[in-house]
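*Asks:* Just a sequence and a predicted model for now, questions to come.
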2 protein chains.
Amino acid sequence: MRSPQPLRNGGDNSCSPSHNRRFQSTVAEHKLRRFNSLILVFRLVSFSFSLASSVFVLTNTRGSDTPHWYHYDTFRFVLAANAIVAVYSVFEMGASVWEISRGVTLFPEVLQIWFDFGHDQVFTYLLLSANAAGTTMARTLKEMDTCRASNAFCVQMDIAIALGYAAFVFLGLTSLLTGFRVVCFIINGSRFHL
Amino acid sequence: MRSPQPLRNGGDNSCSPSHNRRFQSTVAEHKLRRFNSLILVFRLVSFSFSLASSVFVLTNTRGSDTPHWYHYDTFRFVLAANAIVAVYSVFEMGASVWEISRGVTLFPEVLQIWFDFGHDQVFTYLLLSANAAGTTMARTLKEMDTCRASNAFCVQMDIAIALGYAAFVFLGLTSLLTGFRVVCFIINGSRFHL
């Protein structure tokens, strides 16, 4: 399903002469491409960190006498949040590449910008809450005997949580950019302004 | 320190006749007032919840043989985050009332909108991370003997955390609105568009 309209340039320049409008349209298209490329880079970084975090949690098992990540609800939450963000980032990177290469959004424009921003916001909060919860659990385990018995388990979990925070930072930055697109759409009727 | 300029109405309607511009300016002022009133209401609700949450944590002591909130780093974090948001909300409500009543921002316009949005974003994340950490600690205490020995302590802490989540929701909504003002300023050079 593709957006039927090509790149639009807002509705606030109806007084300009037609050649001026064509020039503005080209500049807007160029700016939009750069803007989308920046979003794509942020998504790639966010994907890398969330995938790495998921892998670090998932591989945190070392035999039957040491603790396992799946014995703790909180670490299951950390894994789930990071895995969801990784999968979502893959989808969004595909949508970004589609938009950059073809000049149109994957879904209709209005749906796409709200979809992106809504999911970015929700998943940013999800990732932060999972990592904050994970941090608390990791600190609690350090005060108990668990970390003394199996220090490697706690170290690996700390790394996984740190990677999750990094993914959160880049997803938060992405949500600022997609939020900008939403407001541009509300004001100008286009996902980017000149 | 006050913003020297009165309410501006962007720079994209230079083609309109002067009476049309005056009409648009009046409508924009009316809209801005409604928008600021909505922000004020959200801030008031957020303040109420964060203050209530702080009081619930602070009064969670019942004698020397029961647990105290200040024995747990996480609950100190919950209190600190909610108290910061409560104080910040009081300041911002004052700034909102000033803006609504006088038509100008407390700080210069550009500083005010970035100040509001930046702090809203940071404090929203702060509140969520504190509450997520608090939730994990409360769940951990339930699995240990602490809650069996003093159920009232755990119940009161659960209520405090729930109130903190409510404050987070309204502060998050406020940050969406102040984010809208920031993008309006970037696009139109004014904190609200027609």
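*Replies:* Good, I have the coordinates. Numbering: from 1, shown residues only, chains lettered A, B, ... in the order given.

*Asks:* C-alpha only now, for contacts and for neighbours.
*Replies:* Fine.

*Asks:* Which residues are in contact with the residue of chain A found nearest chain B?
*Replies:* Using Cα to the nearest Cα, the closest approach of chain A to chain B is made by A:Ala133 at 4.7 Å. Counting by Cα atoms under 8 Å, 6 or more residues apart in numbering or on different chains, A:Ala133 touches A:74, A:78, B:129, B:132-136.

*Asks:* can we see that at 10 Å?
*Replies:* Shown in contact with A:Ala133 (Cα atoms under 10 Å, 6 or more residues apart in numbering or on different chains): A:73-75, A:77-78, A:127, A:161, B:129-137.

*Asks:* just the buried members of those residues?
*Replies:* Using 16 or more other Cα atoms under 10 Å in any protein chain shown as the burial test, the contacts of A:Ala133 include A:74-75, A:77-78, A:127, A:161, B:129-137 as buried.

*Asks:* thought A:Phe107 was touching A:Ile113?
*Replies:* Yes: if you go by Cα atoms under 10 Å, A:Phe107 and A:Ile113 touch, sitting 9.0 Å apart.

*Asks:* Settle it for me: which of those two has more neighbours?
*Replies:* A:Ile113 (20 against 16; other Cα atoms under 10 Å in any protein chain shown).

*Asks:* Leaving out chain neighbours, which residue sits closest to that one?
*Replies:* In this structure, A:Ile113 finds its nearest non-sequential neighbour in A:Val182, 5.9 Å apart by Cα to Cα, 6 or more residues apart in numbering or on different chains.

*Asks:* what's the helix or strand hosting that neighbour packed up against?
*Replies:* In this assignment (DSSP states H and E), A:Val182 forms part of helix A:151-188. Applying 3 or more Cα pairs under 10 Å, 6 or more residues apart in numbering or on different chains; DSSP states H and E, one finds that helix A:151-188 contacts helix A:18-58, helix A:73-102, helix A:109-143, helix A:146-149, helix B:151-188.

*Asks:* go with 6 Å
*Replies:* helix A:18-58, helix A:109-143 (3 or more Cα pairs under 6 Å, 6 or more residues apart in numbering or on different chains; DSSP states H and E).

*Asks:* In contact with A:Lys137, which residues?
*Replies:* Rather than Lys, residue A:137 is Met. A:Met137 makes contact with no residue, according to Cα atoms under 6 Å, 6 or more residues apart in numbering or on different chains.

*Asks:* at 8 Å instead, please
*Replies:* Shown in contact with A:Met137 (Cα under 8 Å, 6+ apart): A:74, B:136-137.

*Asks:* again, but for A:Leu127
*Replies:* Here A:Leu127 is in contact with A:78, A:81-82, A:85, A:164-165, A:167-168 (Cα under 8 Å, 6+ apart).

*Asks:* how about 10 Å then?
*Replies:* Applying Cα under 10 Å, 6+ apart, the residues contacting A:Leu127 are A:50, A:77-85, A:133, A:164-165, A:167-169, A:171-172, B:129.

*Asks:* cool, and A:Met93?
*Replies:* Counted by Cα under 10 Å, 6+ apart, A:Met93 has contacts A:39-44, A:47, A:87, A:99.

*Asks:* buried subset of these?
*Replies:* Buried, going by 16+ other Cα under 10 Å: A:39-40, A:42-44, A:47, A:99, out of the contacts of A:Met93.

*Asks:* And the residue of chain A closest to chain B, how far from B:Ala133?
*Replies:* Noted for A:Ala133: a distance of 5 Å to B:Ala133, by Cα to Cα, to the nearest Å.

*Asks:* for A:Ala52, same thing?
*Replies:* According to Cα to Cα, A:Ala52 and B:Ala133 sit 23 Å apart.

*Asks:* Just the buried residues of the helix holding A:Val182, please?
*Replies:* Neighbour counts over helix A:151-188 (16+ other Cα under 10 Å) mark A:153-154, A:156-158, A:160-185, A:187-188 as buried.

*Asks:* do stretch A:87-107 as well
*Replies:* Judged by neighbour count using 16+ other Cα under 10 Å, the buried positions of stretch A:87-107 are A:88-89, A:92-93, A:95-97, A:99-100, A:103-107.

*Asks:* what's the answer for stretch A:141-152, then?
*Replies:* The neighbour-count check on stretch A:141-152 (16+ other Cα under 10 Å) flags A:146-147 as buried.

*Asks:* per-residue confidence averaged over that stretch?
*Replies:* Stretch A:141-152 shows a mean pLDDT of 84.

*Asks:* Also stretch A:121-131?
*Replies:* Averaging pLDDT along stretch A:121-131 gives 97.

*Asks:* Restrict it to CA atoms and write it as CSV.
*Replies:* In CSV, the C-alpha atoms belonging to stretch A:121-131 read as follows (Å, rounded to 0.1, in the frame of the first residue of the first chain):
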residue,chain,number,x,y,z
GLN,A,121,7.1,7.3,21.9
VAL,A,122,5.7,4.1,23.4
PHE,A,123,8.8,2.0,22.7
THR,A,124,11.1,4.7,24.2
TYR,A,125,9.1,4.6,27.4
LEU,A,126,9.0,0.8,27.3
LEU,A,127,12.7,0.6,26.9
LEU,A,128,13.4,3.1,29.7
SER,A,129,11.1,1.4,32.1
ALA,A,130,12.6,-2.1,31.3
ASN,A,131,16.1,-0.8,31.9
